[in-house]
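Novice: Return a 3D structure for these sequence lines:
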Amino acid sequence: MTRGEAIEIIECGDISNRWGKDGEEVEKMAIKALEQEPGWIPVSERLPDDRKRCLVTFEAEHVDIMYYAQDLYRVDKYDFCDKKDKAGWYDYDSEWGYHSRDDVIAWLPLPGPYKAESEEG
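Specialist: Sure thing, here's the model as predicted:
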């Protein structure tokens, strides 16, 4: 079940015919899907932990993976010497070195590594 389908189920009520299950069971599936798949978190609402690698979206609707640091000077004081703010989003590029971005508007935590489901009996 996708995030969009889960939101539709919760907002519209019982669509059990499409899923072939009773309404209460479908709603439980929707809630579980939303809990497992977090939505975008606006930077105005909350920031990630220090040096956390995240999927980010920019004002220009571009998506990339970057780190967030509470103190950019601990990352590399030379490449961020012109930054006025100590905290910020950054990444490392082999051609350009460390660079920061000020136009991140929302972020998502990256998922953990894949783990195969164990086969039962």
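Novice: name the element I105 belongs to?
Specialist: strand 104-109 (DSSP states H and E).
Novice: So for that strand, what gets flagged as buried?
Specialist: Using 16 or more other Cβ atoms under 10 Å as the test for burial, strand 104-109 gives 104, 106-108. C-betas here are computed from N, CA, C, even on glycine.
Novice: which residues are in contact with it?
Specialist: In this structure, residues lying in contact with strand 104-109 by Cβ atoms under 8 Å, 6 or more residues apart in numbering are 38-43, 47-48, 52, 54-59, 66, 68, 89.
Novice: quick one: low-confidence ranges for this protein?
Specialist: 1-23, 33-38, 77-78, 82-85, 118-121 (pLDDT under 70).
Novice: residue ranges of the strands in it, please?
Specialist: All strands of the chain, identified by DSSP state E, fall at 41-42, 52-58, 63-69, 88-93, 97-101, 104-109.
Novice: any idea how far K86 is from L47?
Specialist: Distance of L47 to K86, given as Cβ to Cβ, to the nearest Å: 13 Å.
Novice: ok, those two, which is more surrounded?
Specialist: More crowded of L47 and K86, by other Cβ atoms under 10 Å: L47, with 17 against 12.
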